[in-house]
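Engineer: coordinates for the following, if possible.
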Amino acid sequence: PLQTTPPELPPISLPPQGDRFRASRANFTRYVITGDTRSLRSAVSDYVRSGTGGSRGGASRMGSVREAAGRLYGFVQDVRQSGTADTLRQLGLGDLVGKPATDGLARLTDAICPPGGPQDQAIAREAFVEAVVNLAADGVTDISALTADQWQSLFLDFLTRSIEARIINDIGNKSVTMPTDVMAAQQVERGLHQLVEGCVKDAFAETLGKSETLQENQIQTAMDSIYQVSFAFLENLTS
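Structural biologist: Numbering: from 1, shown residues only. Below is the predicted model:
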């Protein structure tokens, strides 16, 4: 059959030069001080639109985090087909079967998010560890007893926390002073988490929720897509 040339994608618009996160920082600081969620939505929307140049620019800032997401999604997909125990054995981690979830998931970190490298790899490891801690809080005593739904929840939590970490590293690092009160600081973090989490879940439902099993060469494209759609939802929070 004749091969047709696919249409060229529009170029990614370059983020504005200079202090491109200024508006986002100002709104995030306002949110920290007042707790006004409208300021938080504006901060995140400005971050994507003005700071990164749009959803494609935001997704590109995730760097190798997207590859870690691909490895995790591939693992979750294998669990769905073969179960947790068999999937762990295929990775050479069969000795984890029967171990507490906290121990097993900690070992899995290196397989999903290899140590070392640039900041985006550190973001991937931090996001995965936090997602693991959140899952372990449910009191799972045997990693092989984790269901496919629990692994999927871990995957979505990883996506959410990786985007959160990217935003905080870009607009908040050494620029936004968090409240000294622990409960107030937790509320600030909780507000951002819930906002990003909602967009990630919507993006997952739109991008992968009804998809058939992905081939290995399709997974990375799917991860790039889900991050871009997530950033598109974040960009349109104030539309």
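Engineer: which residues does the residue nearest to the spatial centre of the chain contact?
Structural biologist: In the chain, the C-alpha nearest the mean C-alpha coordinate belongs to residue 159, at 2.0 Å (C-alpha atoms, centre = their mean). Applying C-beta atoms under 8 Å, 6 or more residues apart in numbering to residue 159 gives the contacts 69, 200, 204, 226, 227, 230. The way it works is simple: take the backbone N, C-alpha and C, and place the C-beta from them, glycine included.
Engineer: apart from its chain neighbours, what residue comes closest to the last one?
Structural biologist: With C-beta to C-beta, 6 or more residues apart in numbering as the measure, residue 203 is the residue that lies nearest to residue 230, at 4.1 Å, once sequence neighbours are left out.
Engineer: and the strand or helix carrying residue 124, what does it pack against?
Structural biologist: According to DSSP states H and E, residue 124 maps onto helix 119-136. For helix 119-136, the elements it packs on are helix 65-82, helix 101-112, helix 148-167, judged by 3 or more C-beta pairs under 8 Å, 6 or more residues apart in numbering; DSSP states H and E.
Engineer: how about that helix: buried residues?
Structural biologist: By neighbour count on 16 or more other C-beta atoms under 10 Å, the buried set for helix 119-136 is 120-132, 135-136.
Engineer: now, among those residues, which is nearest to residue 81?
Structural biologist: residue 135 (20.6 Å; C-beta to C-beta).
Engineer: which helix of the protein spans the most residues?
Structural biologist: Criterion DSSP state H: the longest helix present in the chain is helix 182-207.
Engineer: sorry, back to before: close enough to count as contact, the residue nearest to residue 230 and residue 233?
Structural biologist: Yes: the pair residue 203 and residue 233 passes the contact test of C-beta atoms under 8 Å, sitting 6.0 Å apart.
Engineer: give me the more crowded residue out of the two.
Structural biologist: residue 203 (24 against 21; other C-beta atoms under 10 Å).
Engineer: show me what contacts that one?
Structural biologist: So, once contact is read as C-beta under 8 Å, 6+ apart, residue 203 ends up touching 226, 227, 229, 230, 232, 233.
Engineer: what lies in contact with the lowest-mean-pLDDT helix or strand in the chain?
Structural biologist: One helix or strand of the chain scores below all others by mean pLDDT, DSSP states H and E: helix 101-112, with a mean of 79. Contact with helix 101-112 is made by 68, 71-72, 75, 88, 91, 93, 96, 124-125, 128-129, 132, 135-136, 140-143, 146, as judged by C-beta under 8 Å, 6+ apart.
Engineer: how about it: buried residues?
Structural biologist: 101, 104, 105, 106, 108, 109, 112.
Engineer: between helix 148-167 and the helix holding residue 124, find me the angle.
Structural biologist: Relative orientation of helix 119-136 versus helix 148-167 (axes from the mean of the first three to the mean of the last three C-alpha atoms, to 10 degrees): 140 degrees.
Engineer: and for helix 119-136, what's in contact with it?
Structural biologist: By C-beta under 8 Å, 6+ apart, helix 119-136 touches 62-65, 68-69, 72, 101-102, 105-106, 108-109, 112-115, 146, 150, 153-154, 157-158, 161-162, 164-166, 169.
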